[in-house]
Structures are given as C-alpha cells and as structure tokens.
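Colleague: Fold the following and give me the result.
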Amino acid sequence: MQLFRQIDPGTAALVGWGVRVMLLSPNGGEGASRMAERIAGFGGVIETEADIFSCVDAVAEDSTGFGLLVIECDAFGGLEAGRRVVSMLGQAGERLPVMLISKEVTEQVFPHDSNAPILLRAPLSAVSLRVGFEHALRDRLVYLAA
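Modeller: Model (predicted):
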C-alpha cells in the first residue's frame, strides 16, 4: 500500500507566517531591502530601524512583541556591535531569537541554546537566510492540520 501526502507549496514556504521581525539595517541599503523582501516572503512582518538605540527601545517597549531580530552587523561596527545589541536587549529583560549577519563570520552557527544568536556569513544567500529563519523560529512553528 502506498500513501501520498500532498504538501501545498503556497503554505509550506511560509515558515514564519505573521511573525513580527525587527530588521536593524542602515537606511537606503539595497541589501536591507532585498533581505526584508526575502523575510517577508517567508511570512514575516518587517519593521526596520536604522539606529541601534531606537531598535533596542522599539523591541523593549513594544507590548505585542517581536518574534525575531535580524541585525546587519557590518553597518554598525561589525560582529561585536551586534553582540552588544544582544547584550543590551538582555539587560532590558528581552529574550527573542536573534540573527547576526556579518562578513566577520567564518563559519555559520546555528546554536542549540535559544538565547544564543544565530551567526550568518555576509553576503547573505537565500538558502542561509531560510535556514537561519527556520532555526530561529523552530520553537514557534505551527503545523497546519491536514
């Protein structure tokens, strides 16, 4: 007996349907708009900030909460600047998945600890962004009932 399970490609591609994503990236950057489009293609709702402190304030003050923070570190001083943002959020009592994207990353890291940031190498490929996005939201995935 063979059993076939049809997967609707329209809903299967939307990993993070409705997840609010804060993107910390400089204004006017072509890479930021491309990244925002890709994340929106996964089902994420994008909000962008260009200033580190405005980003931390927006994440900490938002009552409905963000599901993911994506930081383009190279525009703000490298990987260490991204780690400082994660530290500031921790001091503010915020815990959410974080993806740090930098040219300094030699090996991409997908940690088991949900409090540790995901490290992605720049320039970002569509595949690494997809894997990072799925990994960041691994505890939030909702499967559609057949």
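Colleague: So which residue is smack in the middle of the protein?
Modeller: Nearest to the mean C-alpha position of the chain, by CA atoms, centre = their mean, lies V70 at 4.1 Å.
Colleague: which neighbours does the helix or strand containing that one have in its sheet, and in what orientation?
Modeller: Using DSSP states H and E, V70 falls within strand 68-72. Strand 68-72 has these partner strands in its sheet, going by DSSP bridges: strand 20-24 (parallel), strand 98-102 (parallel).
Colleague: Which neighbouring elements make contact with the helix or strand harbouring V86?
Modeller: For V86, the host element (DSSP H and E) is helix 79-91. Packed against helix 79-91, as judged by 3 or more CB pairs under 8 Å, 6 or more residues apart in numbering; DSSP states H and E, are the following elements: helix 52-61, strand 68-72, strand 98-102. (Each C-beta comes from the backbone N, C-alpha and C, glycine too.)
Colleague: now those in TSV, with distance to A92?
Modeller: Output for the helices and strands packed on helix 79-91, formatted as TSV (distance: least, CB to CB, whole Å):
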stretch	distance to A92
helix 52-61	4
strand 68-72	12
strand 98-102	13
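Colleague: how far out from the middle of the chain is the helix holding V86?
Modeller: Distance of helix 79-91 from the chain centroid (CA atoms, centre = their mean, to the nearest Å) equals 15 Å.
Colleague: in it, what's buried?
Modeller: Of all the residues in helix 79-91, those buried under the rule 16 or more other CB atoms under 10 Å are 79, 81-83, 85-86, 88-89.
Colleague: Alpha carbons of it, as CSV, please.
Modeller: What follows is helix 79-91, C-alpha atoms only, in CSV (Å, rounded to 0.1, in the frame of the first residue of the first chain):
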residue,chain,number,x,y,z
LEU,A,79,30.0,41.4,14.8
GLU,A,80,31.0,42.8,18.2
ALA,A,81,28.4,45.6,17.7
GLY,A,82,25.7,43.0,17.1
ARG,A,83,26.7,41.2,20.3
ARG,A,84,26.4,44.5,22.2
VAL,A,85,22.8,44.9,20.9
VAL,A,86,22.0,41.4,22.1
SER,A,87,23.6,42.2,25.5
MET,A,88,21.5,45.5,25.7
LEU,A,89,18.3,43.6,25.0
GLY,A,90,19.2,41.0,27.7
GLN,A,91,19.8,43.8,30.2
